[in-house]
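K.L.:
give the three-dimensional model of this entry:
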Amino acid sequence: MNQSRKVTEGALMIAIVMVLLVASFLPILSLISMFVLPVPFIFYVKRHGVKAGLIMTVAVAIISTLLMSMMILPGVLIAAAGGIFIGYAMYKRNTAYETLAQGTFGFIVGMLLAFVFIQILLDVNIVSEYENIVEDSVSMSASMIESVNPSLNEEDITALQETQISLLKQLIPTFMVVFALATAFITQWISYKLLNRIEKEKFSFPPFRELQFPGAIIWIYLLALILSVIGFEEGSTMEFGAQNLLMIVGIALMLQGFSFIFHFAHIKRIAKAVPILIVIATILFPGILLYFIRILGIIDIGFRLRGRLK
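P.N.:
Down below sits the predicted model:
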């Protein structure tokens, strides 16, 4: 009975995935389907485990290739990897933030698999395509800067272009992590809502003010700072790794700082609009406020600042 139920639910989840894949070809639904596509994998793995999820992934890959095209497989790999990691974390009853961390890692794994598939089997150089997009975007930005400030000479604009292009190329891993984190969060949130309604579960994210990273992240940030000021050879692997490590850990400390602000507002009974406005102001004026928020996150972790609040 249990085996027949597993097969029936597997067939239903595969059918839902196929419908979502078809919907992804529509311009309006393509963005939504990107976040919803991993949900059937999450449901199935949460109920029947990782092995069942892997079998479902193989079945979806074969059916989608036969009915559509091999071009759809990279998207399937990303959705399946993220869904399996999130589903397994929910299967093990991990906390919401532990599930988010595992889901983020799962989507990164999926993107790496998709990258290998596109690079080797489809013979498409993603890095070159990305570099072309970056160069076109920077050239357009430089043209806008030149029209706004005609006093800049051609050498200054060229130097600015080269710096921006180099930085954007080196930060590819950071962009991948941010994209994976955002996708995992939205997908997990959708899954929680559906599971709570369908299966009467009580999944939920704790309030953002309770988010706390382990103290080890400060030492990682210190290591990244040291590596970034050593002055490795430009374009070397060490410089590439140091810049991305510094950026990723800096984002984590920024989230910690925002979390502390929300915690402080909650303890002091300050209106929620105040910390929200601070977040918006930081996004609009990152030059000054971002460093302050990051320092606040370091102080909160290192000195257990929120534990001293009453």
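K.L.:
low-confidence ranges in the stretch 201-310 of the chain?
P.N.:
231-237, 310 (pLDDT under 70).
K.L.:
which parts of it are helices?
P.N.:
Counting by DSSP state H, counting those that start in this stretch, the segments of the stretch 201-310 of the chain that form helices are 216-230, 237-267, 273-284, 286-302.
K.L.:
what about Val249, how many residues nearby?
P.N.:
Other residues near Val249 number 21, with proximity taken as other Cβ atoms under 10 Å. C-beta: built from backbone N, CA, C; applies to glycine.
K.L.:
I figured Phe35 hits Thr187, correct?
P.N.:
Yes - judged on Cβ atoms under 8 Å, Phe35 makes contact with Thr187 at a distance of 5.2 Å.
K.L.:
settle it for me: which of the two has more neighbours?
P.N.:
Set side by side, Phe35 and Thr187 give different neighbour counts by other Cβ under 10 Å, the larger being at Thr187 (26 against 19).
K.L.:
give me the distance between the more buried one and Leu66.
P.N.:
Thr187 sits 26 Å away from Leu66, taking Cβ to Cβ, to the nearest Å as the criterion.
K.L.:
repeat for Phe258
P.N.:
With the distance defined as Cβ to Cβ, Phe258 ends up 47 Å from Leu66.
K.L.:
and those two? Which one has more around it.
P.N.:
The residue with more neighbours, out of Phe258 and Leu66 and counting by other Cβ under 10 Å, is Phe258; that gives 21 against 8.
K.L.:
how about the contacts made by that one?
P.N.:
Phe258 sits next to 208, 275, 278-279, 282, 293, 297 when contact means Cβ atoms under 8 Å, 6 or more residues apart in numbering.
K.L.:
what are the buried residues along stretch 50-62?
P.N.:
Counting neighbours by 16 or more other Cβ atoms under 10 Å, one finds that the buried residues in stretch 50-62 are 52-53, 56-57, 60-61.
K.L.:
please disregard the earlier target; I meant stretch 108-115.
P.N.:
Of the residues in stretch 108-115, those scored as buried under the neighbour-count criterion (16+ other Cβ under 10 Å) are 108-111, 113-115.
K.L.:
mind putting those in JSON lines, pLDDT, distance to Tyr44 and secondary structure included?
P.N.:
As requested, the buried residues of stretch 108-115 are arranged in JSON lines below (pLDDT from 0 to 100; distance: Cβ to Cβ, whole Å; DSSP: H, G, I helix; E, B strand; the rest coil):
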{"residue": "Ile108", "pLDDT": "91", "distance to Tyr44": "21", "secondary structure": "helix"}
{"residue": "Val109", "pLDDT": "91", "distance to Tyr44": "18", "secondary structure": "helix"}
{"residue": "Gly110", "pLDDT": "91", "distance to Tyr44": "16", "secondary structure": "helix"}
{"residue": "Met111", "pLDDT": "89", "distance to Tyr44": "21", "secondary structure": "helix"}
{"residue": "Leu113", "pLDDT": "89", "distance to Tyr44": "19", "secondary structure": "helix"}
{"residue": "Ala114", "pLDDT": "87", "distance to Tyr44": "21", "secondary structure": "helix"}
{"residue": "Phe115", "pLDDT": "85", "distance to Tyr44": "25", "secondary structure": "helix"}
